[in-house]
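> Output the structure for:
(chains A and B)
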Number of protein chains: 2
Amino acid sequence: MNILVLGGDGYLGWPTALYLSRKGHKVGVVDNFARRGYDLEMGVDTLVPIVGLQQRVRRWQEVSGNEIDVFVGDLTDADFVSSTLASFEPDTVVHFAEQRSAPYSMIDRKHAVYTQVNNVVGTLNLVYAIAEQNRDIHLVKLGTMGEYGTPNIDIEEGYIEITHQGRTDLLPYPKQPGSFYHLSKVHDSHNIMFACRIWGIRATDLNQGIVYGHETEETSLHPDLATRFDYDGVFGTVLNRFCVQAVTGHPITVYGAGGQTRGMLNILDTLACVELACENPAERGEFRVFNQFTESFSVQQMADMVAAEYSGPVTIEHPPTPRVEKEEHYYRAAHTKLLDLGLVPHLLTSSVIRSLLSVCEQHKDKVDPAAILPTVDWRSTSSSLVTAGSHGAGAPDVGESASAEVG
Amino acid sequence: MNILVLGGDGYLGWPTALYLSRKGHKVGVVDNFARRGYDLEMGVDTLVPIVGLQQRVRRWQEVSGNEIDVFVGDLTDADFVSSTLASFEPDTVVHFAEQRSAPYSMIDRKHAVYTQVNNVVGTLNLVYAIAEQNRDIHLVKLGTMGEYGTPNIDIEEGYIEITHQGRTDLLPYPKQPGSFYHLSKVHDSHNIMFACRIWGIRATDLNQGIVYGHETEETSLHPDLATRFDYDGVFGTVLNRFCVQAVTGHPITVYGAGGQTRGMLNILDTLACVELACENPAERGEFRVFNQFTESFSVQQMADMVAAEYSGPVTIEHPPTPRVEKEEHYYRAAHTKLLDLGLVPHLLTSSVIRSLLSVCEQHKDKVDPAAILPTVDWRSTSSSLVTAGSHGAGAPDVGESASAEVG
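A predicted model of the protein is given here:
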């Protein structure tokens, strides 16, 4: 199968590309290096070093014998999207290529507008290119469990049957996202659902939980094949941050009460889920939604697990949450569709946490403690980025310049 | 009350500005003349002549003695939004300033992207400016009944109580919009709901039905105060089109089966509803949704009413619908909140239809029959605009140039 991985230079895109390449698919990778640009803007860096995309791809060819095609460009450039699809002729497009940090989208107006325009326009250009060139192409789109928010009823997979005043219909599940980033994914979901309806294209929306883990079978074959490990306050995810805090002797910071509960999954399961979606495509005209996570944990539970596994002394602190979110809430979300397709989950065991701690231990000299703390306040319209030490132009304003130009 | 009317040069914005001015409010009008630019792009024109904004405003001062402030600029220009709010100091912002044609948004990729970026970014800039300057400002935002689509259950006003597996929550009503334009309004609704939640600002989303009618007490005071009357296939609404077809001796074209049912309201009720929303603001932090229509009709019913009222011979034809839509469906939508605030509806009586027919009769020499027929096909990714006779660049591509620059 020809599979084009958009955002194939990122934390998940890169290991996904390697995994699918090893499985015998013809893989192409598209990236504009926006993710590396955000690091430069924020003055932070991946804890585990990564090499350039072309260097990674060459190393992969040496190690595996498999070629990966590279397309450098921006999805908000419609001509680039169109020519890339025409050249690569994908059967499946796996779309990771969006700004994916909630705090980044909440920095200020420019970052909110950038995030929504970048994500929504890139995806619109993509569905138009698919509709124009080949309506059989299967779009596998990364969404997020954060689209649903924390309703007081069970979360279903994309749709919910509602009986109201004696009548019943199956309707899109109501969305209550918690940042301008999460909102951009909700906008995408609505746009893609409509594109499937009017053009008969096929799409799978993977509403993914928070991913943890760093190594895959493929990335561990050579240091040049490593993927990113982010622990900073803007792009780092919670489990990474807790491990870095533990090994550097800083208190683990659980924001607020710590009852915030989220779906989680191992990076190995991300690869398996994407593969399952590719190999079992949606029908023509179908907008299919899978909730892509394997377990749910509260933030407090995660902190307790890290503290239990770390060999040294650990303290846990509870500063106020910088987000506007419920700190205690009901949370139960369906996630059976990928299991039905054959997913065998890798759960968050003690050994997984110990391996994350070991990665942090190995690179602890590189940790910048100033990068860890939250710098973005949901209640403010303009957060100063204290870690960066710089106050540059940041994300471009689409009212003033092209969104395509961001790093 | 200081009321700023965004899109105050348009079909509804202009009469709303006059109405609120006459009621004693201090009114400011913001416009970038995008709506007049679409006419030039499409090669069509309002059937009833309108004069320039500054000329209209001067005439209004002569007729009424009331001044209206004029701000010319684009909402996608954040500095313009910010400086306009700082200068006018509104208590209420009434936001009509969006690209509002479903067919226009469906012409091709550029027009879809333009519509979503223009509408979403303009509204984001607005909520940021409100949050930065004065969180007491009440945002009265024009949405559309088309956000809901045509579910097989009753439509409620913005929220629905869902009981699911033994638990109950009040959640945003699921949305199934039918064009990239309608989608842009859904995106706005989600963004504004979130802004109310995180910043405690106050907003009322007026999910408006299809508006008919041409004259208001204020616009009829002088020909220079007239508002637009659109009958073309892209910006004209169904009742106007049917009246123009009747008086020019063309068959009334009901697309498909004609069972498509929509909420409708008289232009006089638009003014009254906006006034009721302004005078009864949402609470701080509240995202309030009113369904703003007074009656529902199927397209076939509207055609039959026009045929019954027109004095001459009328035929009704049923060409295929250019949209992807259900041609027969359940439709029942709540609309009690504005009635509860005191709205006294002006219904679609015989005399209202006769007055519309009379407007068309008066200007029938100006009718361009080629402009009436549908030129935009929902199933195609690129519709040729046969009425325009031109194939120019059209809406700018945000990937290539600034969205702020469209006419």
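> now the helices: where do they sit in chain A?
A:13-22, A:34-42, A:53-64, A:78-88, A:102-105, A:109-133, A:180-199, A:238-247, A:267-279, A:299-309, A:337-340, A:350-362, A:369-372 (DSSP state H).
> and those helices, which one is worst for confidence?
Set side by side, the helices of chain A differ in mean pLDDT, and helix A:369-372 is lowest with a mean of 92.
> and A:Met305, what is it in contact with?
Each residue near A:Met305 by CB atoms under 8 Å, 6 or more residues apart in numbering or on different chains is listed here: A:297, A:348, A:350, A:353. To be clear about C-beta, it is placed using only N, CA and C from the backbone, and glycine gets the same treatment.
> The first one contacts A:Leu265, correct?
No. Between A:Phe297 and A:Leu265 no contact is recorded; they are 11.0 Å apart, counting by CB atoms under 8 Å.
> out of those two, which sits in the busier spot?
For A:Phe297 versus A:Leu265, neighbours defined as other CB atoms under 10 Å in any protein chain shown are more numerous around A:Leu265 (27 against 21).
> what about the more buried one, distance to A:Val289?
Relative to A:Val289, A:Leu265 is positioned 16 Å away (CB to CB, to the nearest Å).
> For A:Thr202, which non-adjacent residue is closest in space?
Wrong residue type there; residue A:202 is Arg, not Thr. A:Ala282 (4.1 Å; CB to CB, 6 or more residues apart in numbering or on different chains).
> for A:Arg22, same thing?
In space, A:Arg22 is closest to A:Glu218, 5.6 Å off (CB to CB, 6+ apart).
> now the residue nearest the centre of chain A: how far from chain B?
In chain A, the centroid-proximal residue (CA atoms, centre = their mean) is A:Arg100; its distance is 5.5 Å. Separation of A:Arg100 from chain B (CB to the nearest CB, to the nearest Å) stands at 17 Å.
> That residue and A:Phe235, how far apart?
Using CB to CB, one gets 8 Å for the distance from A:Arg100 to A:Phe235.
> A:Val72 too?
The value you get for A:Val72 to A:Phe235, if CB to CB is used, is 21 Å.
> More neighbours: the two, which one.
The residue with more neighbours, out of A:Val72 and A:Phe235 and counting by other CB under 10 Å, is A:Phe235; that gives 22 against 14.
> Next, the contact list for that one, please.
Contact partners of A:Phe235, counting by CB under 8 Å, 6+ apart, are A:38-39, A:42, A:44, A:101, A:103-104.
> Which member of the residues you listed is positioned nearest chain B?
Out of the contacts of A:Phe235, the one with the shortest distance to chain B is A:Pro103. That distance is 13.0 Å, counting by CB to the nearest CB.
> How much space separates the nearest residue to that closest one once chain neighbours are set aside from chain B?
Closest residue to A:Pro103 in three dimensions, ignoring its sequence neighbours and counting by CB to CB, 6+ apart: A:Val376, at 4.0 Å. A:Val376 sits 12 Å away from chain B, taking CB to the nearest CB as the criterion.
> Can you lay out the contacts of A:Met305 as TSV showing distance to chain B?
As requested, the contacts of A:Met305 are arranged in TSV below (distance: CB to the nearest CB, whole Å):
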residue	distance to chain B
A:Phe297	21
A:Leu348	26
A:Ser350	33
A:Ile353	32
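> The nearest residue to A:Tyr212 once chain neighbours are set aside: neighbour count?
Distances taken as CB to CB, 6+ apart place A:Leu239 nearest to A:Tyr212, at 4.5 Å, with adjacent residues excluded. Around A:Leu239 there are 24 other residues, counting by other CB under 10 Å.
> so A:Leu239 touches A:Ala303, yeah?
No. Between A:Leu239 and A:Ala303 there is no contact under CB under 8 Å: 9.4 Å.
> hmm, which two among the contacts of A:Phe235 are most spread apart?
Of all pairs drawn from the contacts of A:Phe235, the widest gap by CB to CB lies between A:Asp39 and A:Pro103 and measures 13.9 Å.
> From chain B, how far off is the residue sitting furthest away from the middle of chain A?
Among residues of chain A, the one most distant from the C-alpha centroid is A:Gly166; the distance is 39.9 Å, by CA atoms, centre = their mean. Distance of A:Gly166 to chain B, given as CB to the nearest CB: 9 Å.
> Ok, A:Val244 next?
Counting by CB to the nearest CB - A:Val244 and chain B are separated by 28 Å.
> And for A:Val234?
Remark: distance between A:Val234 and chain B (CB to the nearest CB) = 17 Å.
> residues contacting that residue?
Counting by CB under 8 Å, 6+ apart, A:Val234 touches A:38, A:42, A:44, A:101, A:103-104, A:107, A:375-376, A:387.
> No more questions from me, cheers.
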